[in-house]
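1. pasting the sequence and the predicted coordinates here, then a few questions.
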Amino acid sequence: MNLFEFTLVNIVFTLFPLLIYLIYVAYSSSISKKETNLFLEFALFSSIYLVIRYGKTIDGEKLPILIINVPLIIAYLKRRPIGIVLISSFLVLYYQCYFNSSWILLIIEYTLYLVLFLIKEKNKISDRIMIVLFLIIKALFFGYFSFQNYYEEIPWNQFLIEIITMILLLMVVTYVSVLLFQKGEEILKLHMTIKELEKEKQIRMSLFQITHEIKNPIAVCKGYLDMFDVNNKEHSQKYIPILKEEIERTLILLQDFLSIQKIKVEKDILDMNLLLEEILTSLGPMFKEKKIEVSSNIIDDEIYMNGDYNRLKQVFMNVLKNSIEAMTNDKKHKLRIEVGSLKDEVEVKVIDNGVGIDKENLKKIKNPFFSTKQNGTGLGVFLSSEIVKAHNGKIDFISDENGTTVVVVFPKDMK
C-alpha cells in the first residue's frame, strides 16, 4: 500500500463514525430532539476501534497506533470530560498491554494533555496551538518509546527517517481529520441556522396572515356596529348573534396562527348552500355600501359534503372580499355565486365584473406574499388555497378585463 492510500484509508476509518454522529445531530435538530448523551463518545471509540482493527500499515510500520489519538484530540476540542477520561484511560491501557509501554511515562504523557487542555480553557492558547503542542508531546514520547525498543534493530539514520516520517504523517492525518470534522460541524451549524431562519420566516408569515385574516371578521363587526341601534330590539336579536359568530371565528384564527403549524381541518357533514347563504348575509352591509348587485342560484335544496365549516367559510369570505375590493371601475357592480352538485363533487363559482387580473399576475396569485393591493399582505389567496388543498379540492382563477371567476371544487367525501 502506498503512502497516499495509507493516509486516505486511515482518515476514512477515523472520520466515518464522526460523520454518522454529525448526521445524527442534524437529524435530531431537524425534529427538535436533544442530542443523546455519550453519542459523541460512542462515535470516538468507534473511530479508535476501526483504526486498531482495520487500519492499514506501510511495510509493517504501526502508524495506526498514533492515529488512534485523533479521537482524543477531538474530545478535547469538543470539551467532553467523560470522553477525555474514558479515551485517555483506554489508550493508556492499550499502549501498556500491547506495546509494553511504561506506566509512568504513559500517565505523564496523558496528564500533560490534560494540563494542556486546562491551559486552553483559561483562554491562554487557541485550539490550533493546543493541537500543535499535543502533537509535539506525542512525537516526543513516541520517539522515546521507539528508540527504547527498536533502535538496535535498524541503522540509526534509517530509524530517524522512519520516526520523522511517521510523525509527519500523524500530523497530516490529524490536521485533515480535525479540519474535516470542523468543516462538518460548520455545515451542521449552517443547516441549523437555515432551519432557524425558516422558523422565523414562518413566524413572520403567520403574523402577516393574522393581520390579513382578522381584518375580515372585524370589518363585518364594524359594519354591523355602525348600523346597530341599542334602542332597537330587532337589531339586538339580529346583529348580536352575527357579531358573536365573527368574534368566535377571529379567536379560532388566532389560535391556529399561534400554533404556527400546518392548517388542520376537522371535517363534518355540512350544507354548502347553507354555508354560502350565511356568508352572503354576513357581507350584506359591504354589498350595500359598495352598491353591488348580488345574485345566486342558491336554492333551498341541500348540497351536502364533508368539510370543515369554519375553514370553508374562511375561504369564501376571502374570495368574496377580494371580489368586492376588485370592483373599482365605473361599471354597475355585479357579483354572482353559482353552486353545482355533481355525483362526487361540489363546485362553487364566484363571478365578478371587477377590474380583473392580468396574465402575469394570474400566474403568481397563489404565491405567498404576492399582492396587487397597496396595503395587501399577499396571504389571503395563499391561505385559501392551502385550506382547499387540505380538503383535497382545487381552486382556479379565470380572469380578463371583464372580471374574474373563481372556481372552487371539493370532493363530497361522504364515505
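-> Received it, and whenever you're ready, just let me know what you need.
2. so the nearest residue to Asn306 once chain neighbours are set aside: helix, strand or coil?
-> Nearest non-adjacent residue to Asn306, counting by CB to CB, 6 or more residues apart in numbering: Asp413, 4.1 Å away. C-beta coordinates here come from the backbone N, C-alpha and C atoms, glycine included. Under DSSP: H, G, I helix; E, B strand; the rest coil, Asp413 falls in the coil class.
3. ok, now how distant is Asp413 from Gly307?
-> Asp413 is 8 Å from Gly307, where distance means CB to CB, to the nearest Å.
4. and Val348, by the same measure?
-> 11 Å.
5. looking at these two, which has the bigger crowd around it?
-> Gly307 (28 against 25; other CB atoms under 10 Å).
6. quick check, the more buried one in contact with Phe410.
-> Yes - counting by CB atoms under 8 Å, Gly307 does reach Phe410; the two are 6.3 Å apart.
7. find residues that contact each of those two.
-> Counting by CB atoms under 8 Å, 6 or more residues apart in numbering, the contacts common to Gly307 and Phe410 are His391.
8. which residues are contacting stretch 336-347?
-> Counting by CB under 8 Å, 6+ apart, 272-273, 276, 280, 294-298, 303, 305, 348-352, 407-412 sit against stretch 336-347.
9. need the contact list for Asn231.
-> Contacts of Asn231 (CB under 8 Å, 6+ apart): none.
10. which SS state does it fall under?
-> Three-state assignment for Asn231 (three-state DSSP): coil.
11. got it, and Val406?
-> In terms of secondary structure, Val406 is strand; the call rests on three-state DSSP.
12. burial of it, as a residue count?
-> 23.
13. tell me the contacts of it?
-> Taking CB under 8 Å, 6+ apart as the test, what Val406 contacts is Val319, Ser323, Lys349, Val350, Ile351, Ile395, Asp396, Phe397, Ile398.
14. mind putting the residues you listed into JSON lines with secondary structure, distance to Leu135 and neighbour count?
-> As requested, the contacts of Val406 are exported to JSON lines (DSSP: H, G, I helix; E, B strand; the rest coil; distance: CB to CB, whole Å; neighbours: other CB atoms under 10 Å):
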{"residue": "Val319", "secondary structure": "helix", "distance to Leu135": "70", "neighbour count": "23"}
{"residue": "Ser323", "secondary structure": "helix", "distance to Leu135": "74", "neighbour count": "24"}
{"residue": "Lys349", "secondary structure": "strand", "distance to Leu135": "76", "neighbour count": "18"}
{"residue": "Val350", "secondary structure": "strand", "distance to Leu135": "74", "neighbour count": "20"}
{"residue": "Ile351", "secondary structure": "strand", "distance to Leu135": "78", "neighbour count": "17"}
{"residue": "Ile395", "secondary structure": "strand", "distance to Leu135": "65", "neighbour count": "21"}
{"residue": "Asp396", "secondary structure": "strand", "distance to Leu135": "67", "neighbour count": "11"}
{"residue": "Phe397", "secondary structure": "strand", "distance to Leu135": "67", "neighbour count": "17"}
{"residue": "Ile398", "secondary structure": "strand", "distance to Leu135": "72", "neighbour count": "14"}
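15. mind giving me the ChimeraX select for the contacts of stretch 336-347, buried ones only?
-> Those of those that count as buried under 16 or more other CB atoms under 10 Å are selected in ChimeraX with:
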select :272,273,276,280,296,298,303,305,348,349,350,351,352,407,408,409,410,411,412
